[in-house]
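Engineer: I'll drop the sequence and a predicted model, then ask my questions.
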Amino acid sequence: MPADYLKKIAIPSNISTYLSRTLIFITVATTLLIGGVLIVLQTIQFKKISTQKSQDYIEDQKIYIKEIVNNEVSYIVAQNQNFKENIRKKIRQNVMQANNTAEMIYRKYEGMKSTDEIKSLIVATISSLKFENEYEEVFISTLDGIGVYYPRRPEFTGKNMRQFLDANGTPVVMAEINLLKTNLEGFLNYENDTVTSEKVYRTEKIAFVKKFNHFGWYFGSKQYVDNYFPKLREEVAQKISSVRFRHGGYVFLNHTDGTPIVMDGKVYKGDFNLLKKSDDPRHSVFLKELDAAKNNPSGEYFYYRWNKMNDTIPSDKCAYVHLYKDYNWLIGAGFYLDEANESIIKQQTLIRQDQKKSILIIFLILIALLFIETVIIYHFNKKYKSDFERFFNFFFLSQNSFNKLNISKFYFDEFKRAGIAANKMIMLREEIENRLIEEQKRATESDRLKSAFLANLSHEIRTPMNAIIGFSELLEDDSQDSEDRIVFVKLIRKNGDMLLNLINDILDISKIEANQLMVKKRPVKLDQFLIEINNYYTEALLSKKEKNIQFNVNNELNSETLINTDVIRLKQILDNLIGNAIKFTSEGSVSLDVKMEREYVLFSISDTGIGIPPDQQTTIFERFMQSEQAYKMNYGGTGLGLAISRNLIELLGGTIRVESELGKGSTFYFELPVS
């Protein structure tokens, strides 16, 4: 007894009561389930965000130190360019000073002193010029390579220097002479190897030369970049040592030979070598630094342990290092992973606080929702029962009557829409019956058209088949001469082609019905294509003795015009339309006109044939349909050509239409996009 009572409460016999209780249970259960899911998702999301934040923070720190290092590399590159440009300006200024001085002496004493006296005076004056540094000297040579004046090298005076080679075997004087053959002045750059007891250093030398045309001379000056390098090195070291970033970070600068330039955020002045002191902990770090630069000179990360400022315990550190090849400098910066973890923990604490607030808000919202749902369900249950009973009574009473529902008495839109639908159902009963009658007529007409199509198709297949079989039998007759046999073979081939075209049309219309007809577009030059069309149909009409038709192709396109289309399907379309035009025209002309309209190529096929009545100019594009004129005059055909052509044109992105006047001919227009 108690089990039956519980069952009755759980599953009442009244559908309205059952639906109400089910709705209450589902609503409450769904609310609690959604709340629980949201809380679980919040917990999962917290863990996910915490992990992601940790990864993102590390990646952000890595990107940050990379940007700092790249900024310092950019600074060094710019300083190096300015440094070399200043050297070039300085030696050019020295040469121009010597040239101007010589020019002034020449003009002052020209005609007053002999050429040798002027030369001696110029050499003496140039040798007495004072420059900023002792190695900033100007030399004089002739354009033939004869030494005139070389400071500190008097043995070069009067000597042929054309074959002179520097320490690397470079014919520097010849290089200067070759430059001045085509220029009044110019710079030259040389690289020299300096050998010491420890290693070979490559040094760069910059030279500037300028013609002095009065005596066939030229002035020049050469400077080694290394003479000025200490100043550049000091400027770069001072700049890099001043860089500071978050958590006390700094940029370091070392030479690949182990010499520190900027260490621990300060310019290093001692003689410590990171590469030689293998017992020093900094040695192993420097080897990692070298290895990272070797693997990727343009920038690479590496990890190691290092002491923080004023701390004796090493901590994990990530650094980014970049190799500046011009001077074999290693520029880098790093950050301590534990400092990043401290920031991550702070972020996780804030996220956890937000999570607790979110869970509390969700809990309060759930309580409010349950209260609101209770009120809503009570009113819903009351109104729902009323609408349901009204609708039930309507269906019960409307079996033998056409009474309509009073829509205004319903509470819910669903019941109102159902009531409107029920009223329309009664109102449209007669209309449905009329439609059934109309559909029956259409089905009958469709069956008639298909029967006519099958009959026509049977005739179209039988005609070429009869010809093929008949002429094949004639070929078996040994009494036929060779000329007749050739004619029979041609007729068999012609009827075979007709039968093949018919089968292709049937296959194409089947693919259209199944939405399986495909096109393959590619760029096509229409110029040659239209010439082939013209030649084909001109020759074809010559063989049709019974027709007096002239075929013309009028191409207004540029010879280089390209259209992105399926050339095989385009030919199939033109064959259908031109073939129809020829079939329905006994005399006159058939023309194909092609021109550009905006971004489309417009094709128009005109004939002077029988024409199409206005009321049939739409139906001819339907399957199995031909104009009545064609049926009356027995032109044959399956009625598939225009239907296939319309579908192919639409697949290629175009449209087709027709203009026709009965008895005067027709013009079919279709357009295809260029791209």
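Structural biologist: Alright, I've got the coordinates.

Engineer: CA only for contacts and neighbour counts going forward, please
Structural biologist: OK.

Engineer: helix, strand or coil for residue 612?
Structural biologist: Secondary structure for residue 612, judged by DSSP: H, G, I helix; E, B strand; the rest coil, is coil.

Engineer: As a quick check, tell me the outermost residue of this protein.
Structural biologist: residue 112 (77.2 Å; C-alpha atoms, centre = their mean).

Engineer: average model confidence for the helix or strand in which residue 67 is found?
Structural biologist: Per DSSP states H and E, residue 67 falls inside helix 15-109. For helix 15-109, mean pLDDT rounds to 80.

Engineer: how about low-confidence regions in the stretch 551-675 of the chain?
Structural biologist: Low-confidence segments of the stretch 551-675 of the chain, defined by pLDDT under 70: 623-639.

Engineer: now for the helix holding residue 67, which elements pack on it?
Structural biologist: helix 115-127, strand 200-212, strand 217-224, helix 229-241, strand 314-324, strand 329-336, helix 337-397 (3 or more C-alpha pairs under 8 Å, 6 or more residues apart in numbering; DSSP states H and E).

Engineer: Mean neighbour count added to the ones you listed, as CSV?
Structural biologist: Conversion of the helices and strands packed on helix 15-109 to CSV gives the following (neighbours: other C-alpha atoms under 10 Å):
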stretch, mean neighbour count
helix 115-127, 16
strand 200-212, 18
strand 217-224, 23
helix 229-241, 17
strand 314-324, 21
strand 329-336, 24
helix 337-397, 14
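
Engineer: What is the burial count for the closest residue to residue 590 other than its chain neighbours?
Structural biologist: Excluding its sequence neighbours, the residue lying closest to residue 590 (C-alpha to C-alpha, 6 or more residues apart in numbering) is residue 607, at 4.5 Å. Other residues lying near residue 607 total 28 when counted by other C-alpha atoms under 10 Å.

Engineer: distance between the helix holding residue 67 and the chain's centre?
Structural biologist: Distance of helix 15-109 from the chain centroid (C-alpha atoms, centre = their mean, to the nearest Å) equals 23 Å.

Engineer: what does stretch 299-309 give?
Structural biologist: Worked out by C-alpha atoms, centre = their mean, stretch 299-309 lies 39 Å from the chain centre.

Engineer: And the contacts of that stretch?
Structural biologist: With C-alpha atoms under 8 Å, 6 or more residues apart in numbering as the test, stretch 299-309 has contacts from 285, 288-289, 292-293, 313-323.

Engineer: from those residues, which is closest to residue 594?
Structural biologist: Comparing the contacts of stretch 299-309 against residue 594 with C-alpha to C-alpha places residue 322 closest, at 64.7 Å.

Engineer: can I assume residue 336 is in contact with residue 246?
Structural biologist: No. Between residue 336 and residue 246 there is no contact under C-alpha atoms under 8 Å: 10.6 Å.

Engineer: quick revisit: next, work out how far apart the residue farthest from the centre of the chain and residue 215 are.
Structural biologist: For residue 112, the distance to residue 215 (C-alpha to C-alpha, to the nearest Å) stands at 16 Å.

Engineer: Repeat that for residue 534.
Structural biologist: Separation of residue 534 from residue 215 (C-alpha to C-alpha): 80 Å.

Engineer: Now residue 180. Nearest residue, chain neighbours left out?
Structural biologist: residue 211 (6.9 Å).

Engineer: so what pLDDT did the one you found get?
Structural biologist: 93.

Engineer: still on that earlier bit, residue 534 and residue 215: who's more crowded?
Structural biologist: Set side by side, residue 534 and residue 215 show more neighbours around residue 534, with 18 against 11, by other C-alpha under 10 Å.

Engineer: And the one helix or strand the more buried one maps to, what's buried?
Structural biologist: Counting by DSSP H and E, the element that carries residue 534 is helix 526-542. Buried residues in helix 526-542, counted by 16 or more other C-alpha atoms under 10 Å: 526, 527, 530, 533, 534, 537, 538, 541.

Engineer: circling back to that earlier point, looking at the contacts of stretch 299-309, which two lie furthest apart in space?
Structural biologist: 313 and 323 (29.1 Å).

Engineer: And for residue 331, nearest residue in space, chain neighbours not counted?
Structural biologist: Closest to residue 331 by C-alpha to C-alpha, 6+ apart is residue 253, at 4.7 Å.

Engineer: number of nearby residues for the one you found?
Structural biologist: Applying other C-alpha under 10 Å, we find 27 other residues in the vicinity of residue 253.

Engineer: Repeat that for residue 181.
Structural biologist: Neighbourhood size, residue 181 [other C-alpha under 10 Å]: 11.

Engineer: Show residues contacting the helix or strand hosting it.
Structural biologist: Taking DSSP H and E as the criterion, residue 181 maps to helix 172-182. With contact meaning C-alpha under 8 Å, 6+ apart, helix 172-182 is reached by 143-145, 161-166, 185-186, 188, 209-211.

Engineer: let's see 7 Å
Structural biologist: For helix 172-182, contacts defined as C-alpha atoms under 7 Å, 6 or more residues apart in numbering pick out 143, 145, 161, 162, 164, 165, 166, 209, 211.

Engineer: for stretch 97-110, same thing?
Structural biologist: 118, 122, 126, 219.

Engineer: how about that stretch: buried residues?
Structural biologist: Of all the residues in stretch 97-110, those buried under the rule 16+ other C-alpha under 10 Å are 98, 99, 102, 105, 106.

Engineer: Output that stretch as CSV, restricted to C-alpha atoms.
Structural biologist: In CSV, the C-alpha atoms belonging to stretch 97-110 read as follows (Å, rounded to 0.1, in the frame of the first residue of the first chain):
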residue,chain,number,x,y,z
GLN,A,97,92.5,70.5,-45.3
ALA,A,98,95.7,69.3,-47.0
ASN,A,99,94.1,69.6,-50.5
ASN,A,100,92.8,73.1,-49.8
THR,A,101,96.1,74.2,-48.4
ALA,A,102,97.9,72.9,-51.5
GLU,A,103,95.4,74.5,-53.8
MET,A,104,95.9,77.9,-52.1
ILE,A,105,99.7,77.6,-52.4
TYR,A,106,99.4,76.6,-56.1
ARG,A,107,97.2,79.6,-56.9
LYS,A,108,99.3,82.0,-55.0
TYR,A,109,102.6,81.1,-56.6
GLU,A,110,101.5,79.9,-60.0
